[in-house]
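Asker: here is a sequence together with a model predicted from it:
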Amino acid sequence: MKGGIYNILKAQFLIDDNAIKNWRFIAFTILLAILMIANTQRYEQKVFKIIELTNHVKELRSEFVDKRSELMKLKMESTVSAKMEGKQIFPSAVPPVKIEVKKVEEKNFLERIWQ
């Protein structure tokens, strides 16, 4: 037992006759560790990007609500009439009247010929 731990501490397993197998395993383990670190890095970058885009969407949504309420205020009849008074245009006192146009049926070509 004492010799086994002593050999591990001296790294005897790296210079034995079967050291090639150990070096392959160590290289494989290092490769897996590098891949895991790279994968974690990409995952964190995507999480930060998602947070950034979510904040941007919230800002745009609040800006949209502000602009929509501003537009609703500008479209109100009282706002429009107040702006037109400066140009000496006043709202009509008489309500609008609907004009109806009666459609006259046109005769087709054969009916016009036989008349």
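Answerer: Perfect, thanks for sending it.
Asker: where does pLDDT dip in the protein?
Answerer: 1-3, 7-10, 13, 115 (pLDDT under 70).
Asker: let's see that with 80 instead.
Answerer: 1-19, 22, 103-115 (pLDDT under 80).
Asker: where do the helices sit along it?
Answerer: 2-9, 19-75, 77-85, 109-113 (DSSP state H).
Asker: got the angle between the third one and helix 19-75?
Answerer: Yep, that's helix 77-85 we're talking about. Helix 77-85 and helix 19-75 are oriented at 70 degrees to each other (axes from the mean of the first three to the mean of the last three CA atoms, to 10 degrees).
Asker: make CSV out of the helices of the chain and add distance to Glu100 and mean neighbour count.
Answerer: Where C-beta positions appear, they are placed from N, C-alpha and C, glycine not excepted. Converted to CSV, the helices of the chain look like this (distance: least, CB to CB, whole Å; neighbours: other CB atoms under 10 Å):
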stretch, distance to Glu100, mean neighbour count
helix 2-9, 103, 9
helix 19-75, 28, 10
helix 77-85, 26, 11
helix 109-113, 26, 8
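Asker: including distance to Lys98, could those helices go into CSV?
Answerer: As requested, the helices of the chain are arranged in CSV below (distance: least, CB to CB, whole Å):
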stretch, distance to Lys98
helix 2-9, 100
helix 19-75, 23
helix 77-85, 19
helix 109-113, 32
